[in-house]
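K.L.:
What follows is a predicted protein model with its sequence.
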Amino acid sequence: MREGALLCLVLMLFTIVFLCSAEGSTIVVDDDDGPWRDHSSIQDALNSSVSGDIIRVFEGIYRESISIDSAVDIIGNGSEVSIIELVSEEAIIRIDADNINLSAVHIQGIGQGINASGENITIIGIVLNCTGGGLVLDSCPYGLLMDSRFYWAPVDGVYVNNSNYTSIIGNKFMNCTRDGLRLESSVMCNVSENRVIGNMADGVMVRRNCSWTTIKDNIIERNNMTGLRILGKSLREPKSIGYTIERNSMAENGEYGGHIVSIGSGQVMDNVFTLNQKAGVRPWNSTVHMTHNDIHDNPGFGLMLVNGDGSVLDNNTLHDNGHNLYIYEHFQNLTISRTNLVNNRPVLYLKGLNGDIIDESYDFGYLGIVACKNIVVRDLVFSKNGEGLLVADTIGSKFNDLTFERNWIGIRMVNSSSNTFTRCSINGSASFGFLAEASTENIVENCSFHRNNGSNIYLYGGSSENRIYWNTISGSEVFGIKIAYYSDGSVIKYNNISHNEQDGIYVYHSNDTHIVLNDLFMNGHEGVYLDYRANLSYIILNNFIENGNGSQAFDRASYNQWGWYDVAGSQHNGNHWSNYSGVDENGNGIGDEPHPIPGKIASLMSHDNDPRIERIDLLDPHPGTKTEPDDGGKDIEEDEVPDKGKERQNEEAIGDVIIIILCTVIGVLVVFGFINARRPERHRPR
């Protein structure tokens, strides 16, 4: 028994001795002479140290470069008094070992800062403000950066690359020339309780695959570009996933409070986004769940959800932003609940309705109509959203007596057809009044468009066969109407288009546009401008009055008809030009000389061959003529405008008939010949 107890005691003493011998020595560095100091230079202390030693740096200024290649602790007396000054541009603190601890020192001067590589590096309570560089943690997994300050770096304050499981907690990143903190290709990191203020680029940049990273409880303010920017993938990589962005304050940044790009999944919750110039938060090409965020007083947009396939929005509050909510693409794959509020009113994101009526009995701060049929939206006011009204994947519906004020886009219609917009007033949009993308056979009639700055009406991306009738379209900073990119077959008729700063009507890369019986006056450039590939169009019976450029129209395309003489009806269907310089000697109201339309080159210049001397009455373009069908003199209607495509179709149909007749005749002859061949030969009797 006694022998067993003695053996245990010996083992305990051996363990204590072993542990004591394993604990490193303490080496004192002081620039003042004294019996307590071991070295006056930190590098001398490092050269004499072994792994596990503690190097205490007393108060003083140490002008030297430092290279750390063994597992030691370097502990100062405080960042105010233990100062390492890098006195040359080449000077640097280089860490190239695992299990390094650096704390309580101030690093300054013109050198390159700190460059570290190694596992389990801990940096606590330092100040770094070198004019030659910041802190670089490259291939430093399981690191800890805590309670430190990084000022005035000429690059990023802290750059972390390929360093998984790094924790960055309680630091200050201020006034750096690039990003305050840049985190790249480092998964499972924790960025918490930091203050990131006044950096020249982004406050926090998270780039490439930083999946499962948590960013929470940070104050990210007054950075020149974006507060928090996440770029979740490079060109050839899959999207990174699993982000948590929680309880951060992102305010007064020059672009976005948060810009979240190309992440496969992420939680964005309980954040405050305010006073950011472009937008509070902009998820782009990302799948996010946004909940309980407060997004307010951002001069541009509150929330811009762009290509957010599979995203969920609930319990977010948006108020007093320049434009509160903007949604772009993947409309049917979004889940947006009524618990979201815009200016204290619910967001109505209505999907799959059929035959419903949406009117003033509905309370809403934002209205989206998605995948609906045969509904009626009427007597409503829309203001201060990204799009006043979103209409997506919707057919056969009516939108009547709606008022739009100070939205980014008044009405935005995507992939929708056979809808009618009537008696709407769309004013003061920062971009487009009415924007249609890939939407066909819709009618816009009896509406008023005024001072919508991008263009009053813009049809693009295959928005074909739309009809624009009886509208007042004025005061845009760009075009009254713009038609572009395969938006063929538009009909623009009976409109008053005036005082737009560029062209009244601009057509590009879209054929077969019919511009008929419009007043086009006092537009800044041309009344009508047909740009490249705007072919096979008809411009007839319009009034061109005092448009800015001397010609009032321009035609860069081919085979367009500027006025034409209807022989059958004896009707002149030219346009009226306030700057027509010819004469009408026979007094028939038609100019004796064609009106030139400048274009590509002089030899290909278009002409209006039947210019009208007097202004055309749009309701009675051929006064005194009969309208009975039998005399061919009825008023020109949409279907009566010559259509070169239809002419070609008629010619092709005639050709088909001729071919059918010829084939029939040949077939009959072949059959007849076959019958004769089978008939038995008859012999005359001898």
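P.N.:
Right, received. Where do you want to start?

K.L.:
how much space between S41 and S70?
P.N.:
Computed as Cβ to Cβ, to the nearest Å, the S41 to S70 distance reads 16 Å. No exception for glycine: its C-beta is placed from N, CA and C like everyone else's.

K.L.:
Run through the residues that contact the residue lying closest to N560 once chain neighbours are set aside.
P.N.:
Excluding its sequence neighbours, the residue lying closest to N560 (Cβ to Cβ, 6 or more residues apart in numbering) is S537, at 4.6 Å. By Cβ atoms under 8 Å, 6 or more residues apart in numbering, the contact set of S537 is 507, 511-515, 530, 557, 560-561.

K.L.:
can we see that at 7 Å?
P.N.:
The contact partners of S537, taken as Cβ atoms under 7 Å, 6 or more residues apart in numbering, are 507, 511-513, 515, 530, 560.

K.L.:
want to try CSV for the residues you listed, with distance to M188 as columns?
P.N.:
Supplementary listing: the contacts of S537 in CSV, determined by distance: Cβ to Cβ, whole Å:
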residue, distance to M188
V507, 54
N511, 56
D512, 58
T513, 57
I515, 61
L530, 58
N560, 63
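
K.L.:
Filter those down to just the ones in strands.
P.N.:
Those of the contacts of S537 mapping onto strands are 507, 515, 530, per DSSP state E.

K.L.:
For beta bridges, what are the partners of the first one?
P.N.:
The one in question is V507. V507 has the following beta-bridge partners by DSSP bridges: I483, L530.

K.L.:
residues near it, how many?
P.N.:
V507 has 32 neighbours, counted by other Cβ atoms under 10 Å.

K.L.:
thinking again about what came up before, any idea how far D320 is from the residue nearest to N560?
P.N.:
45 Å.

K.L.:
With E119 instead?
P.N.:
Noted for E119: a distance of 48 Å to D320, by Cβ to Cβ.

K.L.:
and if you look at N115?
P.N.:
46 Å.

K.L.:
Not counting its own residues, what contacts stretch 243-251?
P.N.:
Contacts of stretch 243-251 (Cβ under 7 Å, 6+ apart): 213-221, 227-228, 230, 257-258, 263, 266-276.

K.L.:
Okay, now it: how far is its last residue from its first?
P.N.:
21 Å (Cα to Cα, to the nearest Å).

K.L.:
how much distance is there from it to the middle of the chain?
P.N.:
The chain centroid and the centroid of stretch 243-251 are separated by 21 Å, computed with Cα atoms, centre = their mean, to the nearest Å.

K.L.:
For it, give the mean pLDDT please.
P.N.:
Average pLDDT, stretch 243-251: 98.

K.L.:
in it, what's buried?
P.N.:
Residues of stretch 243-251 classed as buried by neighbour count (16 or more other Cβ atoms under 10 Å): 243, 245-251.

K.L.:
what about N400, neighbour count?
P.N.:
16.

K.L.:
For the helix or strand H607 falls within, which outside residues touch it?
P.N.:
Under the criterion of DSSP states H and E, H607 resides in strand 606-608. If you take Cβ under 7 Å, 6+ apart as the criterion, strand 606-608 is touched by 555, 560, 562-563, 574-575, 594-597, 599.

K.L.:
Which pair of these spans the longest distance?
P.N.:
Spanning the widest gap among the contacts of strand 606-608 are G574 and G599, at 17.3 Å by Cβ to Cβ.

K.L.:
Compare these two and say which is more crowded by neighbours.
P.N.:
Neighbours were counted for G574 and for G599 using other Cβ under 10 Å; G574 has more, 27 against 19.

K.L.:
From M200, how far off is the more buried one?
P.N.:
G574 sits at a distance of 61 Å from M200 (criterion: Cβ to Cβ).

K.L.:
Ok, S455 next?
P.N.:
35 Å.

K.L.:
So L350 is in contact with A371, correct?
P.N.:
No. Between L350 and A371 there is no contact under Cβ atoms under 7 Å: 9.1 Å.

K.L.:
The host helix or strand of V191: what's the following helix or strand?
P.N.:
V191 belongs to strand 190-192 when elements are defined using DSSP H and E. Using DSSP H and E, the next helix or strand after strand 190-192 towards the C-terminus is strand 195-197.

K.L.:
Just list the residues touching I369, thanks.
P.N.:
With contacts defined as Cβ under 7 Å, 6+ apart, I369 is in contact with 350, 375, 377, 390-391, 394.

K.L.:
What subset of those residues is buried?
P.N.:
Once neighbours are counted (16+ other Cβ under 10 Å), the buried part of these comes down to 350, 375, 377, 390-391, 394.

K.L.:
which stretches of the protein form helices?
P.N.:
2-22, 42-47, 644-678 (DSSP state H).

K.L.:
Can you pull out the low-pLDDT segments for the stretch 101-250 of the chain?
P.N.:
Low-confidence segments of the stretch 101-250 of the chain, defined by pLDDT under 70: none present.

K.L.:
Now with 90, please.
P.N.:
233-237 (pLDDT under 90).

K.L.:
Quick check: bridge partners of the residue nearest to G111 when sequence neighbours are not counted?
P.N.:
Leaving aside its sequence neighbours, G111 sits nearest to L86 (Cβ to Cβ, 6+ apart; 2.4 Å). Note on L86: beta-bridge partners by DSSP bridges are G109.

K.L.:
Let me see the contact set for L86.
P.N.:
65, 92, 107, 109-111, 130.

K.L.:
re earlier: strands paired with the strand holding V191, and their directions?
P.N.:
Paired strands of strand 190-192, defined by DSSP bridges, are strand 167-169 (parallel), strand 214-216 (parallel).

K.L.:
what's around N586, how many residues?
P.N.:
N586, neighbours per other Cβ under 10 Å, totals 8.

K.L.:
Not counting residues beside it along the chain, what's closest to it?
P.N.:
D592 (7.4 Å).

K.L.:
where's that neighbour relative to D584, distance?
P.N.:
6 Å.

K.L.:
do the same with K239
P.N.:
Applying Cβ to Cβ to K239 and D584 gives a distance of 69 Å.

K.L.:
same question, L102
P.N.:
Noted for L102: a distance of 93 Å to D584, by Cβ to Cβ.

K.L.:
same check, this time on L390
P.N.:
Distance from L390 to D584, by Cβ to Cβ: 52 Å.

K.L.:
Which residues are in contact with C372?
P.N.:
C372 makes contacts with 350, 352-354, 394, 397, as judged by Cβ under 7 Å, 6+ apart.

K.L.:
Quick check: the farthest pair among the residues you listed?
P.N.:
G352 and S397 (12.8 Å).

K.L.:
Have a look at the two and say which one is more surrounded.
P.N.:
S397 (24 against 10).

K.L.:
contacting residues around that one?
P.N.:
Contacts of S397 (Cβ under 7 Å, 6+ apart): 372, 374-376, 419.

K.L.:
I'd like those residues written out as a markdown table, with distance to N285 and pLDDT added.
P.N.:
Listed next are those as a markdown table, based on distance: Cβ to Cβ, whole Å; pLDDT from 0 to 100:
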| residue | distance to N285 | pLDDT |
| --- | --- | --- |
| C372 | 26 | 98 |
| N374 | 33 | 98 |
| I375 | 30 | 98 |
| V376 | 35 | 98 |
| N419 | 28 | 98 |
